[in-house]
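Enquirer: what follows is a predicted structure for the sequence shown.
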Amino acid sequence: MRPTGRRGWRSRLTDAGRRALSPLFWTHVNPHGRFELDMNSHLDLAAAAVMGSASRTGA
C-alpha cells in the first residue's frame, strides 16, 4: 500500500518516525545566529565575577 498525499504519510508515521524526520526539515534554521569560537582565547572570569557582584548589590 502506497500512501498518497499528506494524510497518507501522516497516518503511517509513528511518533518516533516524526522525531527522526524532524531534523531533516529544520537543520537549515539557526535561531541563535552564528557564533565564532576562538579556542585560543580565554574568558576573563575575574572581571565577570566583579561585574556580577556589582549588579547584585545594586551599584
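Expert: Received it, and whenever you're ready, just let me know what you need. Numbers count the residues shown, from 1 in each chain.
Enquirer: tell me where the chain has helices.
Expert: 5-12, 15-26, 45-57 (DSSP state H).
Enquirer: tell me where the model's unsure across the protein.
Expert: Residue ranges of the chain with pLDDT under 70: 1-6, 54-59.
Enquirer: what's near enough to touch residue 21?
Expert: Each residue near residue 21 by CB atoms under 8 Å, 6 or more residues apart in numbering is listed here: residue 13. The way it works is simple: take the backbone N, C-alpha and C, and place the C-beta from them, glycine included.
Enquirer: what's residue 13 sitting at in phi/psi?
Expert: Backbone torsions of residue 13, given as degrees, to the nearest 10, read phi -80, psi 140.
Enquirer: neighbours of it, how many?
Expert: Residue 13 has 14 neighbours, counted by other CB atoms under 10 Å.
Enquirer: export the helices of the chain as a markdown table, with columns for distance to residue 37.
Expert: Compiled in a markdown table, the helices of the chain are given as follows (distance: least, CB to CB, whole Å):
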| stretch | distance to residue 37 |
| --- | --- |
| helix 5-12 | 39 |
| helix 15-26 | 22 |
| helix 45-57 | 17 |
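Enquirer: who wins for proximity to residue 33 among the ones you listed?
Expert: Relative to residue 33, the nearest member of the helices of the chain by CB to CB is helix 15-26, separated by 15.8 Å.
Enquirer: need the CA coordinates for that closest one. PDB is fine.
Expert: In PDB, the C-alpha atoms belonging to helix 15-26 read as follows (Å, rounded to 0.1, in the frame of the first residue of the first chain):
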ATOM      1  CA  ASP A  15       5.800   9.500  16.900                       C
ATOM      2  CA  ALA A  16       9.300   8.000  16.600                       C
ATOM      3  CA  GLY A  17       9.300   8.400  12.800                       C
ATOM      4  CA  ARG A  18       8.300  12.100  13.100                       C
ATOM      5  CA  ARG A  19      11.100  12.700  15.600                       C
ATOM      6  CA  ALA A  20      13.500  11.100  13.300                       C
ATOM      7  CA  LEU A  21      12.500  13.200  10.300                       C
ATOM      8  CA  SER A  22      12.200  16.500  12.200                       C
ATOM      9  CA  PRO A  23      16.000  17.300  11.900                       C
ATOM     10  CA  LEU A  24      15.900  16.900   8.200                       C
ATOM     11  CA  PHE A  25      13.400  19.700   7.900                       C
ATOM     12  CA  TRP A  26      14.800  22.100  10.500                       C
END
